[in-house]
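Asker: Got a predicted structure plus its sequence, pasted below:
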Amino acid sequence: MADYLADVKKYDAGASADAVEKIVKHLGIALRNRDSSLVSCTDPKELERVRENWVAKKLGIADAAKADASIEKACKAMAADNTKSRVTFYYLVAKDLGKLGSL
């Protein structure tokens, strides 16, 4: 848990430990596998899964354009990071959409 929070704090110094913990719980088993614990911004299918499974289902945002804009923003924010942590990525998308409080 501390590793995830430390990674999120690279992008948001005031990151909420509670929100990070909820994302970790949501992702659960996916975090055990290195490949599924990372997000690839160059894979359109991956970004579609983020939009459908995280933004639409979990965060309740049906507007695909709004979802895509937040996902793109997270990709740009994490562009220098070759291993984009799924927890950090999801946190940044939720924060951009104003949904951290509803996790």
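Answerer: All right, it came through fine.

Asker: What are the boundaries of the helices in this structure?
Answerer: 2-9, 17-27, 44-49, 64-77, 86-96 (DSSP state H).

Asker: helices and strands around the last one, which ones?
Answerer: If I follow you right, that is helix 86-96. helix 2-9, helix 17-27, strand 38-39, helix 64-77 (3 or more CB pairs under 8 Å, 6 or more residues apart in numbering; DSSP states H and E). To be clear about C-beta, it is placed using only N, CA and C from the backbone, and glycine gets the same treatment.

Asker: Out of these, flag the one nearest residue 101.
Answerer: Judged by CB to CB, the one of those that comes nearest to residue 101 is helix 17-27, at 8.0 Å.

Asker: Which elements pack onto that closest one?
Answerer: Using 3+ CB pairs under 8 Å, 6+ apart, helix 17-27 sits against helix 2-9, helix 86-96.

Asker: And these, which one averages the lowest pLDDT?
Answerer: Across the helices and strands packed on helix 17-27, helix 2-9 has the smallest mean pLDDT, namely a mean of 93.

Asker: and it, how far from the chain's centre?
Answerer: Centroid separation for helix 2-9 versus its chain: 13 Å, with CA atoms, centre = their mean, to the nearest Å.

Asker: Check stretch 5-15 too.
Answerer: In terms of CA atoms, centre = their mean, the centre of stretch 5-15 is found 12 Å from the chain centre.

Asker: residues of that stretch that come out buried?
Answerer: 5, 7, 8, 11, 12, 15 (16 or more other CB atoms under 10 Å).

Asker: now, of the helices of the chain, which is deepest in the fold?
Answerer: With neighbours taken as mean count of other CB atoms under 10 Å, these reach their highest mean count in helix 86-96, at a mean of 24.
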